[in-house]
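Peer 1: Please work out how this folds:
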Amino acid sequence: MKQIVTHILIGKSCPITFLWLKDNFDYCWLRFRVKMEDGGRTASDVQKDEMLLKMQERLKAPLEWPSIDSCKILDVQPQHFDEVLRLIKVNEKTIRNVHGKNEHLQCDLESRPITCCTVSYICMNFLIQLQRHYFKDDPMCASAGLVKDPLSVECYLDYIRVWMKDTTSLVALSSKSERVVGVVVARPNIEVDRSITYSRMQIHEGEVLEKIMDFKNTLVKQADVHNYFNCREIFRLYILCVHPSYRSKGLGTALLEAFILMAIALQMPAIVALLTSGVTQELAMRLGFKVLNEIQYSRWILNDKAVFINPGVGNYSAALFGMLTPSMEYLENIWRERRILKREEERRRNKRKHR
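Peer 2: So this is what the prediction gives:
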């Protein structure tokens, strides 16, 4: 990380400081401050400085998206970096002891530290969430035995870091504890970039992850979403994960809706989501997503062996869902109908109580 600080002196005692962060060929204007010497400062000057600081805080604050009462959904931010490193190291030990053995990881995090340029784009404080819950609970990952292959787990995290570089992922935090309880990993896909991205990401793969990614890439390639929607750009959801204690409470739906809202804000013409469980697929269909392609787990055979063994009751396939990006009116109608149904349920509940 390189900081380039340029001071421009205006008058005798009012240097304006511009702070720029040069990071992986991207330049981000972080902040500006007006520094004034003690001599000649008035109450008005102090008030102006305070206003500038408040404006700076507002500009740097993450966007908050609509959510359920017990959570808040925010854009992924880099301020949890120290916590990220600590949590990743904890998880590294967890992965090493999958079979009660201290196995050496070929993709050791300590030998390959995360660079500042990565952190400037992604806030990965939810990697602990992914490894503790997504990798173990997701039907595709669990049935393929991903957690039993440390190299595959580590390389999957490398994929996730790449996917999050566009800073379009979302994180759900508990309103009380501020802990991560839900995750959406999403990014724009541009047609001309696909071959470049895939060729770069195929370098580091474990045995199990190679099978999973082959399955997912086949699913996406067969759908040919760019031609289907006749657009060059699409907004794709890669991972949807909700903490077990927050399931069946509406958080999964809220995360999907926040994903749609971000697509609207980014003016993406179409959205797609690769969903691997029956529950998430049902949530998507309720919001108007259509199945573009689907592959049954039981039919994915490699070398006369099933790759996905016992994905769980109700989890029979992985499917790519998609639709043209709807308007705000579309979501508002869904919310309106939901409020009507909620009031009707409350009315019926109160009626039963008074019987």
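
Peer 1: Please tell me how far Phe259 sits from Asp149.
Peer 2: Distance from Phe259 to Asp149, counting by CB to CB, to the nearest Å: 29 Å. Every residue, glycine included, has its C-beta placed from N, CA and C.

Peer 1: who's more crowded, those two?
Peer 2: The neighbour comparison of Phe259 against Asp149 (other CB atoms under 10 Å) goes to Phe259, with 24 against 20.

Peer 1: Which pLDDT value belongs to the more buried one?
Peer 2: pLDDT recorded at Phe259 is 96.

Peer 1: Could you do Lys54 as well?
Peer 2: As predicted, Lys54 sits at a pLDDT of 59.

Peer 1: and what of Asn350?
Peer 2: pLDDT at Asn350 comes out at 87.

Peer 1: May I see the buried residues of the helix or strand it falls within?
Peer 2: Element membership for Asn350, per DSSP states H and E: helix 328-353. If you call a residue buried by 16 or more other CB atoms under 10 Å, then helix 328-353 has these buried ones: Leu331, Ile334.

Peer 1: same check, this time on stretch 230-249
Peer 2: Glu233, Ile234, Phe235, Arg236, Leu237, Tyr238, Ile239, Leu240, Cys241, Val242, His243, Tyr246.

Peer 1: pLDDT on stretch 282-302, on average?
Peer 2: Here the average pLDDT along stretch 282-302 is 95.

Peer 1: sorry, that was for stretch 76-94
Peer 2: Here the average pLDDT along stretch 76-94 is 42.

Peer 1: just for the stretch 201-350 of the chain, where's the confidence low?
Peer 2: Along the stretch 201-350 of the chain, the model assigns pLDDT under 70 to residues 201-204.

Peer 1: Which stretches in it count as helices?
Peer 2: Taking DSSP state H, counting those that start in this stretch as the test, the helices found in the stretch 201-350 of the chain are 207-223, 225-229, 251-265, 278-286, 328-353.

Peer 1: nearest to Met164, of those?
Peer 2: Closest to Met164 of those, according to CB to CB: helix 251-265, at 13.3 Å.

Peer 1: and the closest one with helix 278-286, angle?
Peer 2: Counting by axes from the mean of the first three to the mean of the last three CA atoms, to 10 degrees, helix 251-265 points 40 degrees away from the direction of helix 278-286.

Peer 1: Now do the buried residues in helix 251-265.
Peer 2: Within helix 251-265, the residues that count as buried by 16+ other CB under 10 Å are 251-264.

Peer 1: Nearest to Ile340 among the residues you listed?
Peer 2: Closest to Ile340, out of all of the buried residues of helix 251-265 and judged by CB to CB, is Thr253, at 16.1 Å.

Peer 1: My read is that that closest one contacts Leu283, right?
Peer 2: Yes - contact criterion CB atoms under 8 Å: Thr253 and Leu283 qualify, at 5.5 Å.

Peer 1: before we move on, back to that, among the buried residues of stretch 230-249, which ones are in strands?
Peer 2: Among the buried residues of stretch 230-249, the members falling in strands (DSSP state E) are Glu233, Ile234, Phe235, Arg236, Leu237, Tyr238, Ile239, Leu240, Cys241, Val242.

Peer 1: Tell me the bridge partners for the last one.
Peer 2: With DSSP bridges as the criterion, Val242 is bridged to Gly182.

Peer 1: which residues touch it?
Peer 2: Residues near Val242 by CB atoms under 8 Å, 6 or more residues apart in numbering: Ala172, Val181, Gly182, Val183, Leu251, Gly252, Leu255.

Peer 1: Mind doing that once more with 6 Å?
Peer 2: For Val242, the contact set (CB atoms under 6 Å, 6 or more residues apart in numbering) comprises Gly182, Leu251, Gly252.

Peer 1: Could you do the second one as well?
Peer 2: By CB under 6 Å, 6+ apart, the residues touching Ile234 are Asn189, Val225, Ala270, Val272.

Peer 1: Many thanks, we can stop here.
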